[in-house]
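# Take a look and give me a structure for this.
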Amino acid sequence: MLRLIRHQSTRIPPKSLIIKQNKRLNQKPTGNSNLIISSLRDVGSLFQATSHTQEDDDLEQLTNSTLLLERLNSGELESLLKKKFDFDESTGLLSTNEMVKSFPLLKEDELELLKKASDVENEKPWSSVPNFIKQAQFYLSFGSHGPRDGMSFTVSERPSDFTFLRRARSASDPRIPCRKLKKSEMVNLYAATPARQAFFDERTIDPISRLFVWSAVAVSIAVGWKEYQVRKSGESFATVVDKNPV
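Numbering: from 1, shown residues only. Below you'll find the predicted structure:
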């Protein structure tokens, strides 16, 4: 039978975190006399439609994690493995051919569910992790998807973007100490194949975003310099007063 993945305890967002978020959302904005902080906030508002805080991000992540655990407990993963990867309950293995064919076609929520199952099982000893999870983990790392889209996936061969070309330790004599690999003995992960290089080239900052970034830097420098001049003038005035007491 298929080994069901279950997570016994599902976390709910802490009450204190929800209270803090509600308090922040209902709180009226207050004036800020600090020139640098107010200016940086104005610049930052150009890059975000809503005013998100770390508390909002934490609450969103926790809520999403709780939802994924509920989906795991409902048996959705088992249904996904049988439908997409031709899971064989007798062997506890996924079909490699079906995995290569279907994995790139997974929807975002299906891929997220599979990654969550992998994270849950990683908390256990390696010997206790089901083989189909190990298969999924290997394909998540070296399969033809995401940054590795267009790269060949062959079970019998080493991935073309494996970190090193030679061992740091001798395979024949373990007594020989490890040595630092030379640059020529390692793989440039950003340019392992033309497809990989093209993937990262397409994700460089576009001209409009670059303009906003440099504008923010320029404003920050200008405001910082003005604040420094104001502080310096105040110190000079205080020094003159000290030299001429009443």
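# In the strand or helix carrying Ala222, which residues are buried?
In the assignment (DSSP states H and E), Ala222 maps to helix 207-243. Of the residues in helix 207-243, Ala216, Val223 count as buried by neighbour count, 16 or more other Cβ atoms under 10 Å. In short, each C-beta sits where N, CA and C put it, glycine included.
# list the helices and strands that helix packs on?
helix 35-45 (3 or more Cβ pairs under 8 Å, 6 or more residues apart in numbering; DSSP states H and E).
# average model confidence for the helix it packs on?
For helix 35-45, mean pLDDT is 60.
# Give me the next element, helix or strand, following it.
Downstream of helix 35-45, the first helix or strand assigned by DSSP H and E is helix 54-73.
# any idea how the protein splits into domains?
For the chain, automatic domain parsing gives the domain ranges 1-7+53-143, 160-204, 206-236.
# mind putting the ones you listed in JSON lines, mean pLDDT and distance to Phe153 included?
Below are the domains of the chain laid out as JSON lines (pLDDT from 0 to 100; distance: least, Cβ to Cβ, whole Å):
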{"stretch": "domain 1-7+53-143", "mean pLDDT": "84", "distance to Phe153": "5"}
{"stretch": "domain 160-204", "mean pLDDT": "68", "distance to Phe153": "10"}
{"stretch": "domain 206-236", "mean pLDDT": "82", "distance to Phe153": "31"}
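# Would you mind finding the most buried of those domains?
Among the domains of the chain, domain 1-7+53-143 has the highest mean neighbour count (mean count of other Cβ atoms under 10 Å), at a mean of 15.
# coming back round to it: so which of the domains of the chain gets nearest Ser152?
Smallest distance to Ser152 across the domains of the chain (Cβ to Cβ): 7.1 Å, for domain 160-204.
# Do I have it right that Asp149 meets Pro104?
Yes - counting by Cβ atoms under 8 Å, Asp149 does reach Pro104; the two are 7.0 Å apart.
# which SSE is Ser152 in?
Using DSSP H and E, no element contains Ser152; it sits outside every helix and strand.
# can you count the residues close to it?
Neighbours of Ser152 under the rule other Cβ atoms under 10 Å: 12.
# residues in contact with it?
With contact taken as Cβ atoms under 8 Å, 6 or more residues apart in numbering, Ser152 is in contact with Ser144, Ser160.
# pLDDT score assigned to it?
What the model reports as pLDDT for Ser152 is 75.
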